[in-house]
Structure formats: structure tokens, C-alpha cells
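> I would like the atomic coordinates for the input below:
(2 chains)
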Amino acid sequence: MMFLQDTYDYFSLPLMLLGIYSLMAMGLQLILGGAGLLSLGHAIFFCIGGYTSAIISSTYLPLITDSNLLQLILSALCAFLVSGFFAFFMIIPCLRLKENYFAMATLALGEVLSTVIKNLDFTGGIRGFKDIPSLDINPLIVGLIVLIVYLVLRRFYKSSMGYIIRSTRDDDIALQSLGISHFKSQIIAFTLGSAIAGMGGGFYAHTIQFMSPEEGSFNRSIEILLAVVIGGMNSLTGSLIGSLVIVAIPEILRFGPSEIAQNRNVFFASAVILLMLFRPKGLIKHGS
Amino acid sequence: MVLNTPQTSIFSLQNITVQFGGLTAIDNLSFEIPTPGIYGLIGPNGAGKTTIFNVMTGIYTPQKGDVVFLGSKVTDLKPYLMARMGLTRTFQNIRLFESLTVLENVFIPKARLLSTLKYLFFIETDNYKKTIEFCREILNFVGLSHYENRPASSLPYGDQRKLEIARALALEPKLLLLDEPAAGMNPSEKKELGQLLDKIILKDLSILVIEHDMRFMMNHCPRITVLDHGKIISEGAPSHIQNDPAVIEAYLGKSMGDLP
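Take a look at the predicted model:
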């Protein structure tokens, strides 16, 4: 029994991280694979969601209810809404730019917001936000949320807006000739995708119990981008598999001989390069 | 949008001038589509045909003049609003939603009218079924039913063109602009396209075609407008156009005898 308990304790953190990365990756999949917008500042919305959860769960939420589960759900909901709110107002000016220029704008956006967080008082500034309550977060809850988001997004892709978002990626000029403004669908995809990342950030804050401005760094945005691209940009299932790859491979390499374990970033990078060489369109080619 | 012309004319351009820097692409041009039917627009390369299309669909705003559609002034309207009024187009280089299936491509113009939230929460799915049925009918009409679930990019060239027309028809437009629909087609594909146009025109709409294939134009357009250097140089039935000296000069140049 002790062994089982230890195993569970060991695996619960990577499992929760897997769930959180899956949420972020699904959000980015909607933005990149859905609407065809390359967002390089995805992690900043994750960070905003994390701070929202951190602040609200250490101040207001305990006043509303004693139930940890309810607090967790409310906290995730707030993270979802607040990061969606930010994304909505950030995307509108960015959409004046196209393609690579748009990507650069989102990159700058991430850096600017992260600097703002560093210089605010109520976020804890550069030292970060400490002692966030864990609210008994466990892999089961995170997994359940991932499943719900996955199913809702699958259905969303089959709805009218889902189809419009996918056609925006293919050809926005043709879309306009059919009476549909591509701005609306791009805004919806970006806002929803960023809000899902924000929800992931909320869970992350409760899992790690510490948020710092570095969580929204460019590095993490790229990591998530990697997950989406490895899994296959056009597939929602692909981004789940992509997250599994980027969370599991470094974790598995930890168990290898010490030469590998100590240099696991090198091996991870090589594995990614090999994957991209042999499956340039991602592990799952077609899908929703 | 102000009512300023009687409802009789479907579409008109009134004294349009378009300039790109110092170059005048369209020069004080007036053009009208009075009644439903197929209209042709021809002219040598650089005559301004595509510019006219872009003015008509709202991509360019002319420096001078008015665009009137269904009795409303639409000069400053954005392309997607023009399309909602019932004016749509196909493109010279085919623009399909390549990752969507054939049926989904035709579904897009109607998607705007369907509720996403009601679908997400299983409240209203009947409208979706009805719309899909409507799209199937259109595919049947253009003869692409058997490709329904194939990705649009996998279709042969001629069928891709047909699909683009089907997608435009799904919008139920009043005026359909076809930009070089027969370009790159083999003779049998051109014949099929001609038959399709003859079938479409039985629905209550107007078609304006730009095309370089003269045989195709002469066979299918009862009325043709010829454009050169941003001006209309001739207008009328195909037989009239073919014998107009101004048209011959624009395409072939002056005969040696006429040179000074």
C-alpha cells in the first residue's frame, strides 16, 4: 500500500501538469489550427489566469463558500473569464496586422504584460505570488475538466461558428465574398482559446501554489506551440497527444542512465527534431 | 444607404473613376445591369476588368462616382456587407476552403444564419439539418453530389470551379460575378460550365462574366461590354461587338493601311 501511495504521489504532479498543458494546447489549437493565427504570447493568458485564481482564492473566495471543490470551480471560472476579457481587448489592435506581423505583435504583447505584472504591487511583483491555497486539487478534477473542454470544443468545431473559424484559416478573402467578416471569427477563436489557457493557468496556480511573472514567458508559449505542432495543428486530439509528448518524454528520460537524465533537454530536443523530420504535419494529420 | 434610383436597375456604376497613384485605371465609367440575365465584360489585358469587379464588390472605393445596388447607394460598403445584400463573386485563381469537405464549403455562406450556442447545448439542431439539405440540393444542381464528403482540394480543376459557383449560389445572390470562370479549362469542361450557366440563369439572378475565351462569351452572353484603358468602347450583342472597328482596334491594333 505504501508503494501505491508513493506512486500516486509521484505521478499526481506530472499528471496535473499534463492536464494543464493539454488545456493550454487545446486553446492554442483553436487559435492556430482553427483560425490560423500564430499566437506567440499564449502563455501570458495562462499567467493572467493563474494570477486571477491566486488573488481571488486567497482573498474573496473563502468568504463565499467553505467547499474546496466549489472554490476551485469558481476560481477556474474567474481565470477563464478574466483572461478571456484581456484577450478580447488585446486581439483587436493586433488583428490590424497580418500573419508574421501578427505573430510579432502577440510576442510583444506577452512581454509587455509580463513586465506589467512584474511591476504591480498586488501581484507580488518580481518575487511572485506565494501561498496560494491548493484547494485539494487532484489529477481527477483536472482530467475531468480536460475531458469536458475537449468534448465541448469538438462539438464547437461542428457548429456554425466552428466551421466559419476553420474557413477563416483557409481563405479570409473568399469568406468576405460570402457575407462573413473574418474579424469576428478570429476574435472569437482567440478569446476562447486564450480563456481556456487562462483556466489552465488557474489550475496551475493551485497545483504549484506559487505564481511568478516568469510563468508567462516566451519559453512557455513556445513549449505549447511545440505541443500543438507535434500533435498536428489541425487536430484537437493531436494537441492532447502533443502535450503528452512534451510532458512525458522529459519525465521518462529522468529514469534513464545518469548521462541521459542529466542531459535530458538535449535528448528531448533531438526527439522533437526527429519527430518533425518524419512527421512534418504532426502525429495526427487530419481531424476536426 | 439612400434610395436614389428606381428599383428597375439591379446594379449600376455611375461615373466611376479609380486611380492608383498617377495611373487612372477606370475613367469616368458608367455601367448598368438593368434586368436579370447573363452579361459579359471583355477587354484586353490591363483594360480594368478586375478593377471594376473590385469596385463592384466593395474591395476598392472609387475616388469619384457612385455604386448603386438594388436601389441603394453602396459605394462605401465593406465587401462582406455587399455580399449580405446579395452580391457575390468567384475568383480568377480559385479560392476554396481547402481543408473543408465539398458539402462544408457550400455550408459556409449559410453558417452565419445559424446559432452556435443553441447547437452547443443541443437546443436547436433542426435548422442545421434543413441547411444541410439545402446545401445538398445545390450540390445536386451543379452536379457535385457524389463528391459531398471529399476534401475540396482533392477535386479536379473543373469541379473545383463548379464548387466555387455552388458555394456562391448557396448565398442566394441577386448578382453573381464570375472572374474568368473558363480559364484553364479543357473544351469539355468549358461546355459543362456553359450548360451550368444556362441552368443558373433560370433562377432569378443576374450574372456578370469576365472571360478571355471569346467563343465561350459569344455563345453564352446575349449582351457584352467591351472595355479598354478604363473606358467602355463598345456595348451590345455579340454580333455587333465582333464587327465594331473600335473593338477590333483595341484587340488587334490598326490595319497597316490606316497608319499615317
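> Which stretches in the chain count as helices?
With no chain named, the answer covers chain A. A:2-29, A:42-58, A:61-64, A:68-94, A:99-118, A:139-158, A:160-170, A:172-176, A:182-208, A:218-231, A:236-253, A:258-262, A:264-278 (DSSP state H).
> Not quite, go with chain B.
Using DSSP H, helices in chain B cover B:49-56, B:79-85, B:102-111, B:116-120, B:126-142, B:157-170, B:187-200, B:214-220, B:238-242, B:245-252.
> before we move on, the earlier item: make a markdown table out of the helices of chain A and add distance to chain B.
Bear in mind the C-beta positions are built from the backbone N, C-alpha and C, glycine included. A markdown table is the format used below for those (distance: least, Cβ to the nearest Cβ, whole Å):
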| stretch | distance to chain B |
| --- | --- |
| helix A:2-29 | 14 |
| helix A:42-58 | 22 |
| helix A:61-64 | 26 |
| helix A:68-94 | 15 |
| helix A:99-118 | 17 |
| helix A:139-158 | 6 |
| helix A:160-170 | 4 |
| helix A:172-176 | 4 |
| helix A:182-208 | 8 |
| helix A:218-231 | 16 |
| helix A:236-253 | 14 |
| helix A:258-262 | 39 |
| helix A:264-278 | 20 |
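> which parts of the stretch 51-200 of chain B sit against chain A?
B:57, B:78-81, B:83-84, B:88-89, B:91, B:95-100, B:104-105, B:107-109, B:111-116, B:119-120, B:128, B:167-168, B:171 (Cβ under 8 Å from any Cβ of the partner chain).
> Buried ones among those?
Neighbour counting with 16 or more other Cβ atoms under 10 Å in any protein chain shown marks B:57, B:79-81, B:83-84, B:88-89, B:91, B:95-100, B:104-105, B:107-109, B:111-112, B:114, B:116, B:119, B:128, B:167-168, B:171 as buried within these.
> so what pLDDT did the most centrally placed residue in chain B get?
Compute the mean C-alpha point of chain B, and by Cα atoms, centre = their mean the closest residue is B:Leu177, 0.8 Å away. For B:Leu177, the pLDDT comes out at 91.
> Could you do B:Val142 as well?
Per-residue confidence (pLDDT) for B:Val142: 89.
> returning to that earlier point: contacting residues for the nearest residue in space to the residue nearest to the centre of chain B that is not next to it in sequence?
Of all residues not flanking B:Leu177 in the chain, B:Arg89 sits nearest, at 3.9 Å (Cβ to Cβ, 6 or more residues apart in numbering or on different chains). Counting by Cβ atoms under 8 Å, 6 or more residues apart in numbering or on different chains, B:Arg89 makes contact with A:177, B:53, B:57, B:168, B:176-179.
> tally of neighbours for residue 87?
All of this is about chain A. Using other Cβ atoms under 10 Å in any protein chain shown, A:Ala87 has 29 neighbouring residues.
> Switch to chain B, please.
29.
> for B:Asn15, same thing?
B:Asn15: 12 surrounding residues under other Cβ under 10 Å.
> before we move on, back to that, in a markdown table, list the contacts of B:Arg89 along with distance to A:Pro133.
Formatted as a markdown table, the contacts of B:Arg89 follow (distance: Cβ to Cβ, whole Å):
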| residue | distance to A:Pro133 |
| --- | --- |
| A:Ser177 | 53 |
| B:Phe53 | 62 |
| B:Thr57 | 57 |
| B:Ala168 | 57 |
| B:Leu176 | 62 |
| B:Leu177 | 62 |
| B:Leu178 | 64 |
| B:Asp179 | 62 |
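> From those, which land in strands?
Cross-referencing the contacts of B:Arg89 against strands under DSSP state E gives B:176-179.
> if I look at the nearest residue to B:Leu29 once chain neighbours are set aside, how far off is A:Leu236?
The shortest distance from B:Leu29 to any non-neighbouring residue, by Cβ to Cβ, 6+ apart, is to B:Ile16 (4.9 Å). B:Ile16 is 47 Å from A:Leu236, where distance means Cβ to Cβ, to the nearest Å.
> so the residue nearest to the centre of chain B touches B:Gln92, yeah?
No - with contact defined as Cβ atoms under 8 Å, B:Leu177 and B:Gln92 do not form a contacting pair (11.0 Å).
> May I see the helices of chain A arranged in CSV, with distance to B:Leu202 as well?
Output for the helices of chain A, formatted as CSV (distance: least, Cβ to Cβ, whole Å):
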stretch, distance to B:Leu202
helix A:2-29, 45
helix A:42-58, 51
helix A:61-64, 65
helix A:68-94, 45
helix A:99-118, 42
helix A:139-158, 34
helix A:160-170, 29
helix A:172-176, 26
helix A:182-208, 33
helix A:218-231, 48
helix A:236-253, 43
helix A:258-262, 72
helix A:264-278, 53
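> Out of those, which one sits most buried?
For the helices of chain A, average neighbour numbers computed from mean count of other Cβ atoms under 10 Å in any protein chain shown are highest in helix A:42-58, which has a mean of 29.
> Setting the sequence-adjacent residues aside, check what's closest to B:Arg95.
Spatial nearest neighbour of B:Arg95, excluding adjacent residues (Cβ to Cβ, 6+ apart): A:Ala174 at 4.0 Å.
> on that earlier part again, need the pLDDT of the residue nearest to B:Leu177.
91.
> And the contacts of stretch B:23-32?
Contact partners of stretch B:23-32, identified using Cβ under 8 Å, 6+ apart, comprise B:9, B:11-19, B:48, B:51-52, B:55, B:62, B:64-65, B:225, B:229-232.
> Going through the residues you listed, which ones are buried?
Applying 16+ other Cβ under 10 Å to those flags B:11-14, B:16, B:18, B:48, B:51-52, B:55, B:62, B:65, B:225, B:230, B:232 as buried.
> check contacts around A:Arg279.
Neighbour list for A:Arg279: empty [criterion: Cβ under 8 Å, 6+ apart].
> Check the gap between it and chain B for me.
18 Å (Cβ to the nearest Cβ, to the nearest Å).
> Do you know the pLDDT at that residue?
Reading off the confidence values, A:Arg279 has pLDDT 80.
> Backbone torsions only: list them for it.
phi -130, psi 70 (degrees, to the nearest 10).
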